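Colleague: Okay, sequence plus prediction incoming.
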Amino acid sequence: MIGDCRTAALVSKQGSIDWLCLPHFNSGACFAALLGTREHGYWSMAPAQESRSIHRSYRDGTLILETEFETQSGRARLIDCMMPRENFSELVRIVEGVRGQVPMRLDLVLRFDYGSVIPWLRKIQGGLSAIAGPDMVRFRSDVPLHSANMKTEAEFTVSEGQHLSFNLTWYPSHLEAPEPIRTDAAVKQTEAWWRKWSRRCTYQGKWREAVVRALVTLKALTFLPTGGIVAAPTTSLPESIGGVRNWDYRFCWVRDATLTLQALLNAGYLDEARAWREWLLRAVAGSPSELNILYGLHGERRLTELEVPWLPGYENSAPVRIGNAAYNQFQLDIFGEVVNTLFQAAEAGLGQPRHKRHEVALKMLEFLETGWQQPDDGIWEVRGPRRHFVHSKMMAWVAVDRLIRSAKKGRFSIDILRWSKLRDEIHDQVCRQGFDPELNSFVQYYGSKHLDASLLMMPLVDFLPANDPRVIGTVKAVENRLLKNGFVERYTQDSAVDGIPHGEGTFLPCSFWLADNYALQGRHAEAVGLFERLLEIRNDVGLLSEEYDPIAKRQLGNFPQAFSLVGLVNSAFRLTHRARANPRLPNVEFSTPATARTRAPDPRRE
């Protein structure tokens, strides 16, 4: 991935940009070959002859991608980046000759609106322009271009020491074209911008390279104008090849809020954490009963889901979807996510928000007094009947608990005794109806025998301590029934619960949560082993998707996925902290009665 904190492009190993939405993450794609064919738009820069080897890497601490092609006649380097620019999108590509002479080929197919609109092309000095409706592109090239049959091509040779530049500029078609940029200067400016940002990372542990790469990617998934963080820059990359679980992730999920804020705070990125909090407060403003589980980049609420019939889908995984119907689901857990995020921000000293925080939190508290008893759609956005999901009730408890903690610290005034009774009522019900003595585990929803990896969040949100026997039993049940081929599945699948056909990979954040539980239980070697197994499945430049197929050994789902990268960052901090606190930490002994209600220790004091 390369990006400019407004949108992002995906570049293949062969030097082809097959996905790019302009000007924003959720805009229509001008390169959509990733979900269709080459006729739906792409931009390839590659050797004209077969490559003996291809090596890719990012420049340290940046989102500047370098791809080296080794051929029979020499070696060439392709440099790709997007220059952060306020009102326009600027994609820069430079071909450098490293050794010998390498014949190269450029292929450019521009299509707007996900491959459905063929623009008008016009030759201009040093390149061409393309226009269709609101979209205008200027393409500049250091080599002569030939356009025919709605495609632009060029063949050229790059010699050792030679630099050839190309750039694509998007701007609104009703405005004048921006001044041309100097590509070498643009790359230097972009490199300096990213290096200045990545040097602020406070993590100095064993896995610094992986943590910095994850954080740089998270920064690139941040929509700079508003502070919102998209779940991924793609839509409809399948959770199972040929399946129908293909969703649009170019939006901001409230359920990711707490863990994302934790990752930013841990790494020292207070400005980004503050911007994320402000986006969250603006987005959720309104009636708590109308709270969305996801919002648009600017906080839009209506994200109507459509199918795009002219795109066959990634490896024929249809349908391709634009928008996400999950926006109108009811999920109790987001109340806990919002309140916990505000609590964490206050604990970290982020200062007063621009928009009132306490009114939002208190309105949520009033809603939860009765609303917590309602069945909901659950964390995984299943499309079956609403149920009393245990994770959802747990997060309702988190919302009440964090508001009580805030009140005790004098941040606002509430009847603490009244709300403490509600907190105890929720906790007791979850422990009574959500725990199955036969399985010795918490279950997915009240009365079920299904397991759910989201239950691993219990010690991570202080619902129960990691050494509670019920948590230990749940971890063991997850190991026995959800840990498959070294990775954790989301839940035991049941079409009656899902409402859609089976078929997906292992959802990667769940495996990070299991590693976190291992660390909290003193099982440090197992925690490190699982964590490093997750690092091994990153692609060649350190990125993770939403899911992984351990049999086919391939990443699945939208890519790169913010939630997976957040899990990586938070687990790295937790494992490093636990190891430094006590590198010889033994396994924990347990003697607490299974019926006892035990509060978790504050993780900041552990």
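Modeller: On my side now, so go ahead.
Colleague: Domains in the protein, by residue range?
Modeller: For the chain, automatic domain parsing gives the domain ranges 2-198, 208-605.
Colleague: Reformat the ones you listed as CSV; add mean neighbour count and mean pLDDT.
Modeller: No exception for glycine: its C-beta is placed from N, CA and C like everyone else's. As requested, those are arranged in CSV below (neighbours: other C-beta atoms under 10 Å; pLDDT from 0 to 100):
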stretch, mean neighbour count, mean pLDDT
domain 2-198, 19, 96
domain 208-605, 19, 88
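Colleague: which strand of this protein spans the most residues?
Modeller: Using DSSP state E to define each element, the chain has its longest strand at strand 89-109.
Colleague: In terms of secondary structure, what does the next helix-or-strand element following that strand contact?
Modeller: Once strand 89-109 ends, the next helix or strand along the chain (criterion: DSSP states H and E) is strand 120-124. Applying 3 or more C-beta pairs under 8 Å, 6 or more residues apart in numbering; DSSP states H and E, one finds that strand 120-124 contacts strand 127-132.
Colleague: redo that, cut-off 10 Å
Modeller: Helices and strands touching strand 120-124, as assessed by 3 or more C-beta pairs under 10 Å, 6 or more residues apart in numbering; DSSP states H and E, comprise strand 127-132, strand 135-141, strand 146-148.
Colleague: Partner strands of it and their direction?
Modeller: strand 127-132 (antiparallel) (DSSP bridges).
Colleague: angle of the longest strand of the chain against strand 135-141?
Modeller: 80 degrees (axes from the mean of the first three to the mean of the last three C-alpha atoms, to 10 degrees).
Colleague: Partner strands of strand 89-109 and their direction?
Modeller: When sheet partners are counted by DSSP bridges, strand 89-109 sits next to strand 42-47 (antiparallel), strand 74-83 (antiparallel), strand 151-159 (antiparallel), strand 163-172 (antiparallel).
Colleague: Residue 517: which of those is closest?
Modeller: Comparing the strands paired with strand 89-109 against residue 517 with C-beta to C-beta, the closest turns out to be strand 74-83 (38.2 Å).
Colleague: Check the offset of that closest one from the chain's centre.
Modeller: Offset of strand 74-83 from its chain centre (C-alpha atoms, centre = their mean, to the nearest Å): 26 Å.
Colleague: Alpha carbons of that strand, in CSV - could you do that?
Modeller: The C-alpha atoms that make up strand 74-83 are tabulated as CSV, following Å, rounded to 0.1, in the frame of the first residue of the first chain:
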residue,chain,number,x,y,z
GLY,A,74,20.4,-5.6,-15.7
ARG,A,75,18.6,-4.3,-12.7
ALA,A,76,16.0,-1.5,-12.4
ARG,A,77,14.3,0.1,-9.4
LEU,A,78,10.7,1.3,-9.3
ILE,A,79,9.9,4.0,-6.6
ASP,A,80,6.3,4.5,-5.7
CYS,A,81,4.6,7.0,-3.4
MET,A,82,1.7,9.4,-2.9
MET,A,83,2.7,12.9,-1.9
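Colleague: Start at 32, not 1
Modeller: Fine by me, first position is 32 from now on; the one you just mentioned is strand 105-114.
Colleague: residues contacting residue 481?
Modeller: 467, 470, 474-475, 512, 522-525, 528 (C-beta atoms under 10 Å, 6 or more residues apart in numbering).
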